[in-house]
Structure formats: C-alpha cells, structure tokens
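Colleague: Sequence and predicted structure below; questions after.
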Amino acid sequence: MSSENVQTKWGQFISLIIVFFFWGFVGSANDILIPVFKKVFTLSQVQSQLVAWAFYAAYFVGSIIFFLVSLKRDVLQQFGYKKTLAAGLILSAVGSFLFVPAATMASFPFFLTALFTVGLGFSIQQIVANPLAIKMGSPETGAHRLTLAGGINSFGTTIGAILLGIALFGMGDNKKTNLSLEDIKLPFIILGLAFIVVAVFMYFSKIEDPAKVDEEQAIIEHKHAKFNILDYPQLYLGMLGIFIYVGTEVTIISNLPALLHTNEFGNILEDAIAPFIALYWGSLMIGRWNGGVNVFNTSNLVNTALKFIVPALAFGVIIGANIFAAHDVSTFYIYPIWILLFIAVSFVGGKNAGKTLMLFGISGLLMMVLGLVWPNPEIAKFFFISGGLFLSIMWPSIFDLAIAGLGKNTGKASSFLIMMILGGGVIPLVQGSICDLDATNPEGILGISYTHFSYIVPLLGFAYLAFYGFYCPKLLKRQGISHVEGGGGGH
C-alpha cells in the first residue's frame, strides 16, 4: 500500500492529543507563576526565570536518561508507546502533588523541584507522542497531524493562563491582588488528579504501536552501523534549532510581565497579566489551527477559505475566554492586523518546511525589530506578542528537517531533539539577566530600558531559525534526500 493511501487513525489520534493539551496548560501556568513567585519571594528577574529553567531543564535530563536506557534496550518496543506515555503522566502527577508541601513550607527551591518533576514526566511524553503523531497515518500528512496536535497544545496554553489566573486571583468584583501560597495548592491537586485520570485512559486506550519497520527504514541505506550525531548535519543544526526555537518561544512571554511592569509600558501588575499571556499563547494557537487545516482533504477553495475562517475562530476563542474571565480586552481588537500578516506569509510559504521556516523566521525578526523601535508602547507590545504567531509553525518544520534521512535512527534522533527543549530554561535566563541591568542602570540604553532592550534576545533567535530554514534543505539535497513537507505546529 502506498503511503498516500494510509488514512489518519483519527480515533487513536484524538486520544493522543489530550497529552498535547496538558503540555500547553502547564506551560502557560509557569508564566502566571513567574511574576507571582517574583513578588512573594522577592526575586530578581533572572532569579524568577529559574521557574522556566527548572521546568525545561527537566526535558534535557529526562531525554538523556531515556537515551542512555535506549542504548541497552528499546524502551518503546519493549513496553509499548501507550504504557510509556502513561508512566510519564503518572510522574507529572507526582510533581503536581509536590506543590502542596512546597506551598506549606513556602520554599522556592521546593517549588522548582516540583516543576522539575512535572517536566521530567513531560520529557517522556514528548519523546513518545511526537513521532507517534507523525506515524498515525500517511507520512505526507505527518507534519500536519503534528500541527493539529500543536493547535490543541496551544488551546491548553491559552485557557491555562486564564483558568489559573481565575483560580489564584479570582474574577470580577472578587478579584484580589495579594496572593497567598496556600491558593496554589488546590489548582495543582486538581491538575495531579487529572494527570492520573488521563494516564489510566491512555493505558486502556486503543492506541497501537507503530510498525517496527516502516517504509523509510526499508528504503534508506545507512552508511554507518553505529549512530553518530556528527554524521547528520541536519540533525545537529536542528538540535540547535529546537534549542533556540523553544528558548525564543518561552523567553518572549516569560519576560513579558517584567516588560509590562515597567513605567514605559504602563506598570501593569501581576493580577492583570493573564490576558496578555493568553493572547501570546493564543497567537500560537491561531497559527497552529491555521496550519492544521492542511491535514484535512479539502478542495483548494475550501482550504483557502479555512485559512481565514479558522484563525478568526481561534481569535474569537481568545477574546471569549478573556471576556468570560471579566478581563478588559478592548485594546486587543487591533490585533487582527498581525493575524492577517501571518496569513499572508503562510500562503507564500506554502507547504515546504524549509521555505516556511525561513519566511517566518524573517517575519519574527522584523516583529522584534519593530517592537524595539516603535515609539508607542501600546503598539510595540503587540509586535512582541505577535512573535507567537510566527513561532507557531516552526516545531514540526524543524523536526521534519532534522530527522530527514535518519531511518532506523529516528527514535534516537528524536530523543536528542527533545533534549534541546532545554533552551526554554536557558535563553530566558539570558534575557532576564539583561532585564536586571535596569536596577543598576536606570538610564537604560539607546533611549529605552534594558528590559525593553532585552528583546534583542528573541530577535537573534528568529535570525538563526530563518538561517536553518534556508540552509538545511540544501544540506539534504546534497545527501540525495528528498525534502518532506511541513506545515507548522508546536511542542
């Protein structure tokens, strides 16, 4: 049977994307916790970024452990994909429950330990779920399935920020500005119980393990009997790409509360930050829902119409969720200008992963430049937030380019790529350290605060991602590897 005739296993796929939702939900919860912990524990900006570091460093550690174990035994083939997924969910549940003693002891290091444990479970889930989503049907639509899963991930990030904001600060007339660490306990107890429920569901689900030998493994001859990263430049450059992509995605939003808290951006307080976090992660949802349209077999006319309709619906979800939470989002109504720009670039990029990655990298770079130089902060902040739109399509594009031609070593390559999620913990520390220069240099730099100037960090990130999208297809062509399509998505 040709790969084109392999239908997506929708029943199994829908079960799988529940896991993607949880990744997003917890990811945006971190962005609420960062300004809260900064205030409660009197932290510097770089110290507050240890929240992101603890969470994303766990991906690196978990992937290292997984890879070392895989040298002795094939974990996924021995235990199965769904059992391994369930084990990862249980580990994340343990981490969620650790928030209770951390809050009781009012210990920042204990909170970091809890977040690290949650992330450790997520690392196992990521290693399993990403290749599994790609393999649940035709290889030609694998990246688009990952895009669709990424859209669910972004839905989790969008509503996660709003729901945790409600849980911690309340809403409407009952809203409070002073937070007790005791308020953190109940949301994370509920989250831990949800992890357990989903783990049980996964364990008894009908998700099937992919075949041990697939078409790609059968037709590609490997020049080396042993796996060596240096034999595959698309992989080690892709590892750096994932490191920078995740770091850029996380650093834009992790440092946004500090930016909005500056006098030049309106001195917005912790209890009012959730709508902006929701808009940023919602921007990734808009992009991934847009890219997910390609997984459906529709006519060109319908596909084009959906490219406009779906982002409009996603933006409606963001606005609706914020209105439900009694947030004032009147300033958000200008944001469709950036959404239309994103749609225009997506049409130019088409379905080619390299071209798409390059164009969106350049677009993101331009948004960061405009955010740095635009004289009106009310507009400048939307240029920074729109970075989420242009990052939204990048994960499967980088992933597809990096594993092209790896054949039977795809699983090992995947674990190395997941290790590079560590960038989400490292790059925000770099930007946070620049923000902290405001404490000793209140005059700022180039007429703006150092916190504002710190967005040079994601600017450089977009520059590398554009380079990788341009250069990697040329590398693959030299190796005689036909380039796979990519449609964008997210981890």
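Modeller: Good, I have the coordinates.
Colleague: Following the chain past the longest helix along the chain, name the next helix or strand.
Modeller: Among the segments of the chain that qualify as a helix by DSSP state H, the longest is helix 10-40. The element immediately downstream of helix 10-40 (helix or strand, assigned by DSSP states H and E) is helix 45-48.
Colleague: for that next one, packing partners?
Modeller: Where contact means 3 or more C-beta pairs under 8 Å, 6 or more residues apart in numbering; DSSP states H and E, helix 45-48 is packed against helix 10-40, helix 423-435. The way it works is simple: take the backbone N, C-alpha and C, and place the C-beta from them, glycine included.
Colleague: repeat that with 10 Å
Modeller: helix 10-40, helix 256-261, helix 423-435 (3 or more C-beta pairs under 10 Å, 6 or more residues apart in numbering; DSSP states H and E).
Colleague: how about the strand or helix carrying residue 477: buried residues?
Modeller: Residue 477 belongs to helix 456-478 when assigned by DSSP H and E. Within helix 456-478, the residues that count as buried by 16 or more other C-beta atoms under 10 Å are 457-459, 461-462, 464-470, 472-473, 475-476.
Colleague: And those, which is closest to residue 277?
Modeller: Within the buried residues of helix 456-478, proximity to residue 277 (C-beta to C-beta) peaks at residue 458, which comes in at 15.9 Å.
Colleague: looking at this structure, which helix or strand is least sure?
Modeller: Lowest by mean pLDDT, DSSP states H and E among the helices and strands of the chain is helix 215-219, with a mean of 44.
Colleague: Could you identify the helix or strand that succeeds it?
Modeller: Counting by DSSP H and E, the next helix or strand C-terminal to helix 215-219 is helix 233-254.
Colleague: and residue 314, what is it in contact with?
Modeller: Contacts for residue 314 (C-beta atoms under 10 Å, 6 or more residues apart in numbering) come out as 151, 154-155, 158, 282-290, 339.
Colleague: hmm, try it at 8 Å
Modeller: Listed by C-beta atoms under 8 Å, 6 or more residues apart in numbering, the contact partners of residue 314 are 282, 285-286, 289-290.
Colleague: and if you look at residue 244?
Modeller: 423, 427, 461, 464-465.
Colleague: Determine which two of those are furthest apart.
Modeller: Distances among the contacts of residue 244 were taken as C-beta to C-beta; the most separated pair is 427 and 465, at 12.5 Å.
Colleague: Figure out how far the helix holding residue 477 is from the centre of its chain.
Modeller: In terms of C-alpha atoms, centre = their mean, to the nearest Å, the centre of helix 456-478 is found 18 Å from the chain centre.
Colleague: just stretch 27-44 next, same as before
Modeller: Relative to the mean C-alpha coordinate of its chain, stretch 27-44 is positioned 19 Å out (C-alpha atoms, centre = their mean).
Colleague: just stretch 258-275 next, same as before
Modeller: 23 Å.
Colleague: Now do the end-to-end distance for that stretch.
Modeller: Counting by C-alpha to C-alpha, to the nearest Å, you get 15 Å between the two ends of stretch 258-275.
Colleague: tell me which residues in that stretch are buried?
Modeller: For stretch 258-275, a neighbour-count test (16+ other C-beta under 10 Å) marks 258-262, 265, 268, 270-275 as buried.
Colleague: Can you add mean pLDDT and distance to residue 196 and give the helices and strands packed on helix 45-48 back as TSV?
Modeller: Output for the helices and strands packed on helix 45-48, formatted as TSV (pLDDT from 0 to 100; distance: least, C-beta to C-beta, whole Å):
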stretch	mean pLDDT	distance to residue 196
helix 10-40	78	12
helix 256-261	93	31
helix 423-435	93	25
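Colleague: Give me the neighbour count for the closest residue in space to residue 124 that isn't next to it in sequence.
Modeller: Counting by C-beta to C-beta, 6 or more residues apart in numbering, residue 124 lies nearest to residue 88, which is 3.3 Å off, once chain neighbours are set aside. Neighbour count of residue 88, defined by other C-beta atoms under 10 Å: 26.
Colleague: tell me the angle the helix or strand hosting residue 88 makes with helix 10-40.
Modeller: Taking DSSP H and E as the criterion, residue 88 maps to helix 81-97. Orientation of helix 81-97 against helix 10-40 (axes from the mean of the first three to the mean of the last three C-alpha atoms, to 10 degrees) gives an angle of 20 degrees.
Colleague: Residue 237: neighbouring residues, count only.
Modeller: Counted with other C-beta under 10 Å, the neighbours of residue 237 add up to 18.
Colleague: which ones are touching the closest residue to it other than its chain neighbours?
Modeller: Leaving aside its sequence neighbours, residue 237 sits nearest to residue 468 (C-beta to C-beta, 6+ apart; 5.9 Å). Contact analysis of residue 468 by C-beta under 8 Å, 6+ apart lists 237-238, 240-241, 357, 361, 398, 401.
Colleague: quick one: which of these is nearest to residue 146?
Modeller: Among the contacts of residue 468, residue 398 lies closest to residue 146 (C-beta to C-beta), at 11.0 Å.
Colleague: okay, now residue 354: neighbour count?
Modeller: With neighbours defined by other C-beta under 10 Å, the count for residue 354 comes to 24.
Colleague: what's the answer for residue 360, then?
Modeller: Neighbour count for residue 360, taken as other C-beta under 10 Å: 28.
Colleague: Leaving aside the residues adjacent along the chain, what's closest to residue 319?
Modeller: Nearest non-adjacent residue to residue 319, counting by C-beta to C-beta, 6+ apart: residue 329, 5.8 Å away.
Colleague: ah, wrong one, I meant residue 100
Modeller: In space, residue 100 is closest to residue 185, 5.1 Å off (C-beta to C-beta, 6+ apart).
Colleague: would you say the one you found is within a helix?
Modeller: Yes - checked against DSSP: H, G, I helix; E, B strand; the rest coil, residue 185 lies within a helix.
Colleague: how close does it get to residue 112?
Modeller: Separation of residue 185 from residue 112 (C-beta to C-beta, to the nearest Å): 17 Å.
Colleague: what do you get for residue 89?
Modeller: Distance check for residue 89 against residue 112: by C-beta to C-beta, it reads 21 Å.
Colleague: Same question for residue 165.
Modeller: Distance from residue 165 to residue 112, by C-beta to C-beta: 21 Å.
Colleague: Which of those two has more residues huddled nearby?
Modeller: The neighbour count for residue 165 versus residue 112, taken as other C-beta under 10 Å, is higher for residue 165 (26 against 18).
Colleague: hang on, isn't residue 191 packed against residue 89?
Modeller: No - the pair residue 191 / residue 89 is not scored as a contact, 11.2 Å apart, by C-beta atoms under 8 Å.
Colleague: Comparing those two, which residue is more hemmed in?
Modeller: Each of residue 191 and residue 89 has its neighbours counted (other C-beta under 10 Å); residue 89 has more, 26 against 22.
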